[in-house]
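S.K.: Turn this into a structure:
(2 chains)
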Amino acid sequence: MENTINRNRQSGIGTVLNWSRDNTSVLLLVFMILLGTALTDGFLTIDNFINLFRRVSVNGILAVGFSLVLLVDGFDLSLGGTLSVCAVLLLGLQHSIGMPLAMVAAILTGAAFGALNGLLMKITRGGSGEAFLITLGTQLIGFSVALTYTKGYDLVGLNDEWYAQIGQGTFMGIPVAALIWFAIMIFTQIMLKKTAWGRSLLMTGGNKKAAYLSGIDVNKIKFIAFTLAGITAAVGAVILTSRTTAASPRSGVDADFDAAIAAIIGGNSVEGGKGGMVQVFIGVTIYGLITNILNLLGVDSVVQYIVKGGILVLAIALDKLKRR
Amino acid sequence: MGDVFFEIQGVSKRFEPVQALSDVSIKLEKGEVRALAGENGAGKSTLMKILNGNYKKDSGKVLIDGKEVEITSSLKAAELGIAIIFQELNLVEELSIAENIFVGRLKKKNGLVDWKGLYEDAGVLLKEVGFDIDPRELVKNLSIAGKQMVEIAKALSYNSRIVLMDEPSATLTQNELKKLFHIIRNLKQKGITVIYISHRMDEIFEICDNITVLRDGCVIDTRKVSEVSYDDIVRMMVGRDMDQTFPVRTSPIGDEVLRVKNLRRRGEAASAEFYLRQGEVLGISGLVGAGRTEMMRALYGADYTDSGEIYIHGERVKIRNPRDAKRAGLAFLTEDRKGEGLILSFPIKFNIEMANFKNILQGIFISRDKESKISERFRKELAIKIHSISQAAKTLSGGNQQKVVLAKWLNTSADIFIMDEPTRGIDVGAKHEIYELIYQLVKEGKSVILISSELLEITSLCDRVLVMKEGKISGELQKEEICSESVMKYAL
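M.R.: Below you'll find the model as predicted:
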C-alpha cells in the first residue's frame, strides 16, 4: 500500500522534473525572444526569423551530429576540424573534378573522419572522457590537414549557379540551407524515435553495459553515430562554402564548440540517452538569438565567447542538477 | 529486565503524501541484539537515517539515558555514540585501515600525523573486533567482510554504544558471516547494543535476542526471538499468511539442452564442464569470489574466453558476445540489476523491449500500440506493481525491478535463463514471487541456472547443484544429495 503511494509520488516528481527539464530550454527561448523584442525594432518579424534560420543552419546541422554523439554518451570536438578539411577539399577539388564529385569526396572525407573517431572509440571501449581526448586528436589532424592542403591560404570557388543556391538561395521564401537543416532534423528524429536502430542508440547512451548484455551491438551503434556526425560536418562545409564561395583552413574553428553549446543548452543530456531533435532545434535557435542580441548590443565577437562559454558551463551544471 | 538506555518515542516522519514513519516507539537495552525487520518500504531506512541525522523527524523524541537528544548530523550521531554501518561502506579504498578508522581526526604530534600512535591505536581496535591484520594494509585489498570489520572498528573508536547494521550479510559468505556473528557477540559482551537489519530469517534466529517488525511505517510488534516462529515473523511483515516459503515443484525434467566443455576464461587455468537439462533448475553455489558469476559471464560471452565448446540441443554454437548468446537462446539476469540489467532513467516499457525489438515493429517503425501491448502483457503476467509502463525503472522497488529484467528476457525466445542472485536485496514477499516465476519457467519447459549465495534457495529450489571453489567446479550434487552440509563441504 505504502509502496504504491510512494511510487506514484516519485514518478509524480519525475514528471515534474521531466517537464521542467524540457521547459528550462523553452523558457530560455521565450526569454531570449522577449529580450530581443525589447532591445530591437522589427525583431518579431518573419523576415528576422528567416534570417536567423539562414545564419544558424550550419551550426544547426553540426548540432544534429553532435547530439547523436552526445546521445551515445560521447563527445565530438573534431567537427570543426572535419568541417575545415571538407571546406577546403570542396573548393580545391571543384577546379579539377567539378563540384558534384567534390561534394561526394567531401562527404566521404567527413564520414572517414567520423569513422576514425568511431573506430578509436571501439578500440578503447571508451565513454565521453575518451571521446573528448580522441576527438581532440582528430580535430588537430583535421585542421592540420586543411592547412597543409591549402598551404595556409584561403581558397576561392568557381561560380556554379546551382551550388550557390544551396547556401544563398531560397525556396518559397525560406532559405535552402535552413530547409536542408530542417529536413536533416526531421529525418534524424524519425530514425531516433521510431526505429529499432534509434532505440538501440538511446539505450546505448542510457546504459552501455545493460544494452550490451541485452545483445545490442553498442560498438557498432557508436561507430555509426560518430560517422554520421562526421557527415554532418561535411554537409555543413557544403553550405558554408556555397554561402561565401570561399574556404579557409580556419572555416571550422569554434564550429564544434558552437554545436556543443547549442546541443547542450537545448536540453540534450551530457550523460547520454536523453534528448533529440526538438532539443537541437531549441538549442540552436537560442544560441542564434544570443549571438544576435550580443551583436545588437555591440559586444565584441571575442568577448562574446565569455558569455557563450559561461552559458555552456551553466547548461551542463543545470543538466547535472536536474538529474539529482 | 535490563536497563533501557536508548529509547525512540513516538517518532513520525512524513514525505508528502506518504507517512514513512508513524508514532514509532522502540526501547533498547544495553547489550541487546535487536533485529529490525520489515519489507522494503516499511520504514527501516527512514528510521535509520533519522538516527544518523540525515533526516529530521517531524515529531517524537530520541532519548539516551533518559535524556532527550537532537541528532542534527551524522557527526552528532557519532558523538552521541550511534554508529551506523550502511550497506554501501563509506571507506576510502586507497587509504590504510588505520587512516580509515581515524579519518578526519588523525592523531597528531607537533602538527604532524603521529603515524606510530595511529597504527598502535588502530591495532588495539582491530584486536577488539577480532580482526587480525596489519593496520597499514590498504582497504582496497580487503574482502567485503574485512571492510565491514574496519567499519565496526571505526564505530568502536567513537566509543559507540549502539551499532546499527543495515543488511551486513548481503554480500558476505557463510564463513565471513560466522566472523561477523562472532564480532556481534563480542560487542554484546561489552554492553554495546546492536540493531541488526536483515531479510534473512536464519540470521535473525541465530544472532538476535529480540525482533521489532515494521510495516507501513508502524511498529507491528516487538517480540523475543525465542518465542516467535519463522511464519510469525513473515506474517507480521507482510500482514497476511504466506502459503509457503518455497512453492511446491511438480514439473518433470527432460533431455539435455546445454552442454559446456572445457570453458576457460581468458588468463585462467581452471576450465568448466557441465550440462543442463530441459525443465531443470541447476544451482551454482560456492563462496563469493569462487568464480560463479565469472563462469556464467564467460558462457554468456560477456567476458573473453581462451577455450570452450558450447552445445545447445546437441549442436555446437559459437558464443563470442552477448548477441551470439541471445541468438543461441540464453538469457542473463545479472547480479547488478541496476548497473547492468536496467536503464534506470528509461521507462519500464523501453527496458522490457531492450533485448528484442522485432515484435514492436510495424514495418520499419516502432508501433506504440504493439509496444504498450507487450509491456502491459508482462505487467499483468508477472504482476509488476507499477502505475504506468511509462514510469522510469528507477522508481521501482528491487522486486519489481527484477521482474522488469525478467520480462525483458521473457520477451525474447530464450529458453535457458541464467539468474545471478535474483533475490538479492528483495523483500520476502517479492522473493516468493520470484521463486514462483522460476518454477513457472521450468514448467513451461525452460531451464534455469541459478547462482545464489543463499543456501536455503540452493537447497530448496534446485534439482541439481554445482559447487564452485577457487574458480573450479568442486562438486556436483544430485537432488537427493543436496543439503547445506554437502554444499559447504565442497565450497570450503
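S.K.: which parts of the stretch 101-250 of chain A sit against chain B?
M.R.: With Cβ under 8 Å from any Cβ of the partner chain as the criterion, the stretch 101-250 of chain A comes near chain B at residues A:190, A:193-196, A:199-200, A:202-203, A:206-207, A:209-217. C-beta here means a position set from N, CA and C on the backbone, and glycine is covered the same way.
S.K.: buried residues in stretch A:243-253?
M.R.: By neighbour count on 16 or more other Cβ atoms under 10 Å in any protein chain shown, the buried set for stretch A:243-253 is A:243, A:244, A:245, A:247, A:248, A:249, A:250, A:251, A:252.
S.K.: And stretch A:112-128, by the same measure?
M.R.: Across stretch A:112-128, burial judged by 16+ other Cβ under 10 Å covers A:112-121, A:126-128.
S.K.: Between the residues you listed, which sits nearest residue B:34?
M.R.: Nearest to residue B:34, judged by Cβ to Cβ, of the buried residues of stretch A:112-128 is residue A:127 at 44.4 Å.
S.K.: Verify the stated contact: the closest one with residue A:73.
M.R.: Yes: in terms of Cβ atoms under 8 Å, residue A:127 counts as a neighbour of residue A:73; the distance is 5.6 Å.
S.K.: Which residues are in contact with each of these two?
M.R.: residue A:208 (Cβ atoms under 8 Å, 6 or more residues apart in numbering or on different chains).
S.K.: any weak-confidence spans in the stretch 151-300 of chain B?
M.R.: Within the stretch 151-300 of chain B, the ranges that satisfy pLDDT under 70 run B:170-171, B:240-245.
S.K.: Give me the local confidence score for residue 306.
M.R.: If you meant another chain, say so; for now it's chain A. On pLDDT, residue A:306 comes in at 89.
S.K.: wrong chain, I was asking about chain B
M.R.: Per-residue pLDDT puts residue B:306 at 88.
S.K.: Tell me the backbone dihedrals of the closest residue to it other than its chain neighbours, please.
M.R.: Of all residues not flanking residue B:306 in the chain, residue B:264 sits nearest, at 4.6 Å (Cβ to Cβ, 6 or more residues apart in numbering or on different chains). In terms of degrees, to the nearest 10, the main-chain angles of residue B:264 are phi -130, psi 130.
S.K.: my guess is residue B:264 contacts residue B:291, does it?
M.R.: No: in this structure residue B:264 lies outside contact range of residue B:291 using Cβ under 8 Å: 11.3 Å.
S.K.: Tell me which of the two has more neighbours.
M.R.: Using other Cβ atoms under 10 Å in any protein chain shown as the criterion, residue B:264 and residue B:291 rank with residue B:291 on top: 22 against 17.
S.K.: List the residues that contact the more buried one.
M.R.: For residue B:291, the contact set (Cβ under 8 Å, 6+ apart) comprises B:270, B:468, B:470, B:471, B:472.
S.K.: from those residues, which ones fall inside strands?
M.R.: Among the contacts of residue B:291, the residues falling in strands (DSSP state E) are B:468, B:472.
S.K.: burial of residue A:295, as a residue count?
M.R.: Around residue A:295 there are 12 residues (other Cβ under 10 Å).
S.K.: mind pulling up the phi and psi values for it?
M.R.: Torsion angles, degrees, to the nearest 10, at residue A:295: phi -60, psi -40.
S.K.: What residues does the residue nearest to residue B:306 make contact with?
M.R.: B:270, B:271, B:272, B:298, B:305, B:306, B:307, B:308.
S.K.: same deal with residue B:225?
M.R.: Each residue near residue B:225 by Cβ under 8 Å, 6+ apart is listed here: B:35, B:204, B:205, B:208, B:209, B:210, B:211.
S.K.: Please narrow these to those residing in helices.
M.R.: Members of these lying in helices (criterion: DSSP state H): B:204, B:205.
S.K.: Could you check which helix or strand contains the nearest residue to residue B:414 once chain neighbours are set aside?
M.R.: Nearest residue to residue B:414, sequence neighbours excluded (Cβ to Cβ, 6+ apart): residue B:331, at 3.6 Å. In this assignment (DSSP states H and E), residue B:331 forms part of strand B:330-333.
S.K.: Would you mind writing the CA trace of that strand as CSV?
M.R.: Output in CSV follows, covering the C-alpha atoms of strand B:330-333 (Å, rounded to 0.1, in the frame of the first residue of the first chain):
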residue,chain,number,x,y,z
LEU,B,330,20.4,-17.7,-23.5
ALA,B,331,19.1,-15.1,-21.1
PHE,B,332,21.3,-13.5,-18.5
LEU,B,333,19.8,-11.8,-15.4
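S.K.: Return the list of helices and strands in contact with it.
M.R.: helix B:292-300, helix B:398-410, strand B:416-420 (3 or more Cβ pairs under 8 Å, 6 or more residues apart in numbering or on different chains; DSSP states H and E).
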